[in-house]
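Enquirer: no FASTA, just this:
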Ligand SMILES: [Zn+2]
């Protein structure tokens with residue numbers, strides 16, 4: 001079986017990471033004047049990666065191996081998604097709507113044929129009042145309001161006089177304490193295992209901005225899960241779904257970055273191994289539906305290197321494929337499990353380009 005994961009299973013370790021926020025967590029890109037607004041509803045893989053690798057760099061003899069992660073990554077960090085009632089949230093796709101009048105959520109799941117239209121009314125008959133909630137957090141078939149924010153005023157401190165600096169008053173919005181997040185980390189080179197063997201599981205991590213002022217303190221729980229079991233279980237779930245379906249729908253679990261000959265592009269052409277012979281489904285002239293708005297990513301440059309500025313498509317975007325034949329379903333399922341676990345290069349090690357099979361119902 002030509003499968004990257006199965007062929008190298010002895011070298012793989014899979015970890016489920018859980019984080020509980022203890023002090024307000026500031027996740028923001030650039031400030032707007034004196035305001036730092038947390039405007040994302042998950043912890044990017046790059047944020048957790050940076051924090052964990054820094055911690056290991058500072059608290060172990062593995063600093064050389066940590067540095068080499070910058071040049072040849074072996075650890076793959078998926079985004080950490082909020083937890084609601086013990087369930088991991090996902091991002092809504094653009095075909096999930098909310099009625100502006102009655103507030104009803106509409107999971108629009110039309111049969112996948114050659115052409116389908118968009119919905120025009122909610123189940124209570126309100127016409128033209130549906131608004132896509134693509135990008136919002138969902139659990140099962142509910143849109144959930146799981147992230148609470150706190151607002152903080154903070155003064156700048158002069159490092160010499162150690163007193164407040166005139167004119168430096170900042171406002172932050174931050175994710176409130178007790179918010180929980182979960183995600184997966186796949187280690188292909190044993191770095192995390194070696195850390196754990198020597199130093200045990202780290203139980204605390206500092207994330208986001210303002211760490212020196214006490215923000216972003218989080219409880220950390222890392223549990224190893226059997227990667228073989230995980231692959232087999234997920235494979236049989238996908239298999240039993242796809243054997244009854246002529247279509248495959250993939251949903252972005254993370255921001256997605258696409259490249260063409262000129263560099264980064266927000267216009268996706270999703271080339272997935274094993275899917276070459278399954279044609280993209282012509283859905284309203286496109287084989288994809290993107291969550292509106294772009295996700296801007298900065299700041300994974302090492303030390304003094306200029307930081308890359310990448311525009312990515314937001315999580316929750318969906319891609320349609322028509323399965324031409326079920327003859328090679330086993331191979332397709334293997335590729336899909338690999339896609340879910342490893343993401344697509346480039347930048348899958350920093351939490352970009354993860355997709356998962358969406359059950360269309
Ligand atoms: Zn309505």
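Expert: Received, thanks. This is a predicted model, so every value here is computed, not measured.

Enquirer: can you pull the buried residues of the biggest helix by length in the chain?
Expert: Criterion DSSP state H: the longest helix present in the chain is helix 227-242. The neighbour-count check on helix 227-242 (16 or more other C-beta atoms under 10 Å) flags 227, 230, 231, 234, 235, 238, 239, 241, 242 as buried. In short, each C-beta sits where N, CA and C put it, glycine included.

Enquirer: Please apply the same query to stretch 181-198.
Expert: So stretch 181-198, judged by 16+ other C-beta under 10 Å, has buried residues 181-189, 191-192, 194-195.

Enquirer: circling back: rounded mean pLDDT for the longest helix of the chain, please.
Expert: Taken as a whole, helix 227-242 has a mean pLDDT of 95.

Enquirer: Please pull up the helix or strand immediately following that helix.
Expert: Downstream of helix 227-242, the first helix or strand assigned by DSSP states H and E is strand 247-252.

Enquirer: what pairs with the helix or strand that comes right after that next one, and is each one parallel or antiparallel?
Expert: With elements assigned by DSSP H and E, the helix or strand that comes after strand 247-252 is strand 258-260. Each strand that pairs with strand 258-260, with its direction, by DSSP bridges: strand 263-265 (antiparallel).

Enquirer: picking up where we left off before, just the buried residues of stretch 181-198 now: which is nearest residue 246?
Expert: residue 184 (29.4 Å; C-beta to C-beta).

Enquirer: Pretty sure that closest one sits against residue 13.
Expert: No - applying C-beta atoms under 8 Å as the test, residue 184 and residue 13 come out as separate, 11.0 Å apart.

Enquirer: hey, where'd the strands end up in the stretch 251-361 of the chain?
Expert: Residue ranges of the strands in the stretch 251-361 of the chain, as given by DSSP state E, counting those that start in this stretch, are 258-260, 263-265, 288-289, 294-298, 309-313, 318-322, 355-357.

Enquirer: Run a quick neighbour tally on residue 314.
Expert: Around residue 314 there are 21 other residues, counting by other C-beta atoms under 10 Å.

Enquirer: Spatially nearest residue to it (excluding sequence neighbours)?
Expert: Among residues not flanking residue 314 along the chain, residue 291 sits closest, at 4.0 Å (C-beta to C-beta, 6 or more residues apart in numbering).

Enquirer: contacting residues around that neighbour?
Expert: Residues in contact with residue 291 (C-beta atoms under 8 Å, 6 or more residues apart in numbering) are 91, 92, 93, 94, 134, 135, 252, 313, 314, 315, 316, 317.

Enquirer: Got the confidence number for the last one?
Expert: For residue 317, the model assigns a pLDDT of 90.

Enquirer: For burial, what's the neighbour tally of it?
Expert: Neighbourhood size, residue 317 [other C-beta under 10 Å]: 25.

Enquirer: In a helix, residue 17, correct?
Expert: No - the assignment for residue 17 (DSSP: H, G, I helix; E, B strand; the rest coil) gives strand, which keeps it out of a helix.

Enquirer: That one reaches residue 183, doesn't it?
Expert: Yes - counting by C-beta under 8 Å, residue 17 touches residue 183, with 5.4 Å between them.

Enquirer: and for these two, which residues touch both?
Expert: Counting by C-beta under 8 Å, 6+ apart, the residues touching both residue 17 and residue 183 are 48, 80.

Enquirer: Just name whatever secondary elements the strand of greatest length in the chain is in contact with.
Expert: The single longest strand within the chain, with elements called by DSSP state E, is strand 164-175. For strand 164-175, the packing partners by 3 or more C-beta pairs under 8 Å, 6 or more residues apart in numbering; DSSP states H and E come out as strand 35-36, strand 149-157.

Enquirer: Residues contacting the helix or strand following that strand, please?
Expert: Moving toward the C-terminus from strand 164-175, the next helix or strand (DSSP H and E) is strand 180-187. Strand 180-187 is contacted from outside by 12-21, 42-43, 45, 48, 74-83, 88, 192-193, 222, 227, 341-342, using C-beta under 8 Å, 6+ apart.

Enquirer: now those residues: which count as buried?
Expert: 12-15, 17-19, 21, 42-43, 45, 48, 74-83, 88, 192, 222, 227, 341-342.

Enquirer: Residue ranges in the stretch 51-200 of the chain under the pLDDT threshold?
Expert: 114-116, 156-157, 164, 166-167 (pLDDT under 70).

Enquirer: tell me the helices in it, going along the chain?
Expert: Here the stretch 51-200 of the chain has its helices, by DSSP state H, counting those that start in this stretch, at 63-68, 191-199.

Enquirer: near the ion, which residues of the chain?
Expert: Residues of the chain lying close to the ion by C-beta under 5 Å from the ion are 99, 101, 102, 122, 124, 126.

Enquirer: hmm, try it at 8 Å
Expert: Counting by C-beta under 8 Å from the ion, the chain comes close to the ion at 99-104, 121-126, 129-130.
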